[in-house]
Structures are given as structure tokens and as C-alpha cells.
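A.B. asks: Model the structure of this input:
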Amino acid sequence: MKPMTHTSTTIAITGIGGFIGLRMAERARANGWTVRGLDLSPAGAERARAAGAEVVVGSVNDAAAVAAALQGADWVFHTAAIVEEDGPRDLYERVNIEGTRTVCKVAQQLGVRRLVHLSSVMVYGFDYPQDVAEDGPVDGQGNVYNDTKLASERVALSFNDPQRLGVIVIRPGDVYGRGSLPWVTRPVQMLRRGVFMLPGRGSGVINHVHVDNLIDGVMLAVDHDAIGEAFNITDGVATRCDAFFAPHARLAGVRRVPALPTWAVMLLMRLSQPWWRLRGQTPPASPTALRFLLRRHRYSIAKAQARLGYQPRIDLEQGVQQMLSGPPIV
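C.D. replies: Take a look at the predicted model:
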């Protein structure tokens, strides 16, 4: 049985056209692997095909499409999910929870050896303790994204079987880099429109992880065959929001990122919502989003360091330079 990261490896990636899935596809192709994938978006599928992947356009809830994408894979990287901070619970449950169930069931039926499920540090909720580790308290705190990511990783782990489908759970921090919708592209676009502002005067923290550091962690977990386990993967530091988002102002061509008391941001958001609706537009962010910018503590990566030998190789300064040196963000 060949090693999971041998040059003849075939990897299947769900959500392959997304930011993380596409970067994994690029890294896998650079390793000489065969890359297959599934994406709901035809445009996302084209991006992945341009990177050298074979892609099926379809939903994670469509067992036939999933089977076509996973056929012949040695391992699966399951990234497909609804990742916005708020929205219809039935949609999140259908995609994040039931979609995960479908992917795991099909992978098991096809004889895929290993599956890496991309979860989130948000399974700890918003009010987690300093340096919370993988065995710490988990609680989605009623947020639809948090709740369904926690439920989805429990579904994934329910399929863990060393003799059939071994499952590894990765809990990434706030994944950034050029192309990151929630942590780079969207904030830059909102800054240009004058509708992005930091609550708590910017004193909340971002537990950032550069996308290449995340993929390093994923590959280490596969190399170590760490099935049945979950791992926090971040850059190992919690950076204040005002410091993390300062380079975004340069990308947006504005002087600074506004940082106000939380009550003021909440008031402005509530007052502006009828105006957006009057124009037939969705508000650029919901009040729920503020909780993601008001977290106070760092997540521990001690387990990934000790068990996998994980060390983040791209620090924030290097990651920012990559962001600033690329083409304009539109």
C-alpha cells in the first residue's frame, strides 16, 4: 500500500475552486499528484482545471457527483461548506452537515483510505479560554456557522475506521492570503465602499493562519496518519484586529481602517439596514459578524507542534508582503 503522499498519490478535493481548495490543488500538482475535485460553481471548476485538476461540477449533496469526483482517490480533502457568518440555518445544515455525511459515505463506499475534514476553530465559539486546545470546551453558541461546523466534524469522525475510512479533522484559524474572501477580499471591497469598521476600537484578535501554513499542517497530519484526531492550525499568534487589518487600508487605497466603540458600530449597522433594503441590496455585513471581530484569546497549536512537528513557516509580515505585492484586489 503506497504512502499517502507518494508521487503517485491521487487526491480529491471538495470545494476545489475555493480559496483553500484551489491552493491545495496547486500544491498537490506541484508534488506531482493527480488531482480530482468537486465544485458547485462552474467558474470555480474552471479555476481548478487551469491548475491541472480534473473537476466535476456538482453539489456535495449529490451522491453521484461526489462519486464521480472521488473515484480513484487515495485521500479526500473536504473543504466544501457555507462559510459566511450568518444565513438560513436549513442551508447551512444541508451543505455543512448533510453534505459532509454524503462525502464521507461515498468515500467509504469507494474504498477511499483517508479523509481530511476541514472544520474551524469556531467550534470553540466566541468566548473560549486563552490557549484553548483540542480537548477544550466546544460550543457554537447558537451561531449557525459555528454550530454546523461543530456538527459536521462530529459527522465526519463518526465515519472514522482505520480499516475502511480513516478521518482527520483540521480546525484552522482565520485563513488569509490573496484570494481569501472573508479575511482579505471582502474587507478590502468594504473599505473602498466606506462600510468596513472595527468594533471594540480594534482590540479584538485575529488568529490568522496563512493558507500555505494551513496546507503544511494538513499534509503533516496525512503523513503522520493521525486518524481520529483533531488539530488546531494557526500561525500561533493572536494579532489585534487594528494591526491585522492595517495593510488592508493600503490595498483599498484608503487612509486607515475605522475603529469605533462596539455600540457605535452596532448603531450604524442597524440604522443603515433599512437604507440598504430600500435600495434593493443586501447589507454588506450583519451584526453577527461583529462577534468574529471581538474575540479575545489565542488558540493553542501545541498539539500540532508536538504530534505533527508543525511550525508555521510564513509569518504575518511575509504574508502581508505577499498580499501587497500582487495585482490589485477587485
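
A.B. asks: So the spatially most distant residue from the centre of the chain versus V195, what's the distance?
C.D. replies: Residue farthest from the centre of the chain, counting by C-alpha atoms, centre = their mean, is L278 at 32.8 Å. Separation of L278 from V195 (C-beta to C-beta, to the nearest Å): 16 Å. For glycine as for every other residue, the C-beta is placed from the backbone atoms N, C-alpha and C.

A.B. asks: Repeat that for P137.
C.D. replies: To V195, P137 is 34 Å away according to C-beta to C-beta.

A.B. asks: So the two - more neighbours on which side?
C.D. replies: Legend: neighbour count by other C-beta atoms under 10 Å for P137 and V195, higher for V195 (16 against 11).

A.B. asks: Helix, strand, or coil at the more buried one?
C.D. replies: Of the three states, V195 takes coil under DSSP: H, G, I helix; E, B strand; the rest coil.

A.B. asks: Could you confirm V116 falls within a strand?
C.D. replies: Yes - assessed by three-state DSSP, V116 belongs to a strand.

A.B. asks: and it, bridged to which residues?
C.D. replies: F77, I168 (DSSP bridges).

A.B. asks: which ones are touching it?
C.D. replies: The contact partners of V116, by C-beta atoms under 8 Å, 6 or more residues apart in numbering, come to 75-78, 167-170, 218, 221-222.

A.B. asks: number of nearby residues for the nearest residue to S120 once chain neighbours are set aside?
C.D. replies: Counting by C-beta to C-beta, 6 or more residues apart in numbering, S120 lies nearest to K149, which is 4.5 Å off, once chain neighbours are set aside. As a burial measure, K149 scores 28 neighbours (other C-beta under 10 Å).

A.B. asks: Also the one 10 residues further on?
C.D. replies: Residue neighbour count, defined by other C-beta under 10 Å, stands at 19 for F159.

A.B. asks: same thing with Q273?
C.D. replies: If we define neighbours as other C-beta under 10 Å, then Q273 has 14 of them.

A.B. asks: From V195, how far off is it?
C.D. replies: Taken as C-beta to C-beta, the span from Q273 to V195 is 12 Å.

A.B. asks: Can you check the distance spanned by stretch 219-235, start to finish?
C.D. replies: End-to-end span of stretch 219-235 (C-alpha to C-alpha, to the nearest Å): 16 Å.

A.B. asks: For the protein, just list every one of the helices.
C.D. replies: For the chain, helices defined by DSSP state H occupy the ranges 19-30, 42-50, 63-70, 89-92, 99-110, 144-158, 186-193, 211-223, 241-244, 246-252, 262-278, 289-292, 302-308, 316-325.

A.B. asks: chain center to the last one, what's the gap?
C.D. replies: The chain centroid and the centroid of helix 316-325 are separated by 19 Å under C-alpha atoms, centre = their mean, to the nearest Å.

A.B. asks: can you give me the mean pLDDT across it?
C.D. replies: Across helix 316-325, pLDDT averages out at 91.

A.B. asks: quick revisit: how near is the residue nearest to S120 to G173?
C.D. replies: In this view, K149 and G173 are 13 Å apart by C-beta to C-beta.

A.B. asks: can you check L316 too?
C.D. replies: From L316 over to G173 the distance is 12 Å, taken as C-beta to C-beta.

A.B. asks: who touches both of the two?
C.D. replies: Listed contacts common to L316 and G173 are 208, 235; contacts here mean C-beta under 8 Å, 6+ apart.
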